[in-house]
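Participant: Turn this into a model:
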Amino acid sequence: MKNSRAALSLSKKGIQKISGVQFTGGNRITLVWKDRESFQGIFDAVRAAKELVCLQFYIYRDDETRRELAAILKQKAAEGLRVYIIYDHFGSICTPRSFWQELRKAGIQIRASAPSNGQTPFIMSTGTTGN
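Facilitator: Alright, predicted model coming up:
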């Protein structure tokens with residue numbers, strides 16, 4: 001529980017930093033799973049937004065569901081809402097640059113969390129240990 005609170009706090013700080021808006025009462029952050037029902041909830045919430053949309057994803061794929069979300073986000077940006085996306089650089093590494101460029105062109109602010117500079121070492125684990 002303590003770790004989930006710390007993660008939520010870091011996410012909140014990241015959203016506040018890129019949006020330039022401090023959270024106030026009446027706002028809500030919801031952690032959702034990757035099924036279609038969860039995304040329908042995201043679609044509905046974004047469609048209902050009146051001023052600002054902030055989304056954070058670990059993995060943002062260029063697939064049918066995300067393209068549908070992208071179309072909704074572009075529409076909200078065209079309506080004059082401020083729209084922000086934070087995505088994990090490593091988790092979304094297979095998403096083509098052209099996808100992000102298209103969203104930026106529509107006026108959506110996009111940031112990668114901890115983007116790799118190509119020199120940052122990382123360790124891949126297979127989940128097994130050996131002697």
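
Participant: For the spatially most central residue of the chain, what is the enclosing helix or strand?
Facilitator: Geometric centre of the chain, nearest residue: residue 56, 2.4 Å, by Cα atoms, centre = their mean. Taking DSSP states H and E as the definition, residue 56 sits inside strand 52-57.

Participant: which strands and helices sit next to that strand?
Facilitator: helix 2-19, helix 36-48, helix 64-78, strand 82-88 (3 or more Cβ pairs under 8 Å, 6 or more residues apart in numbering; DSSP states H and E). For every residue, glycine as well, the C-beta is placed using N, CA and C.

Participant: at 7 Å instead, please
Facilitator: With contacts taken as 3 or more Cβ pairs under 7 Å, 6 or more residues apart in numbering; DSSP states H and E, strand 52-57 sits against helix 2-19, strand 82-88.

Participant: who does the last one pair up with?
Facilitator: It refers to strand 82-88. strand 52-57 (parallel), strand 109-113 (parallel) (DSSP bridges).

Participant: next one: the first one to chain centre, how far?
Facilitator: Its chain's C-alpha centre and that of strand 52-57 lie 6 Å apart, by Cα atoms, centre = their mean, to the nearest Å.
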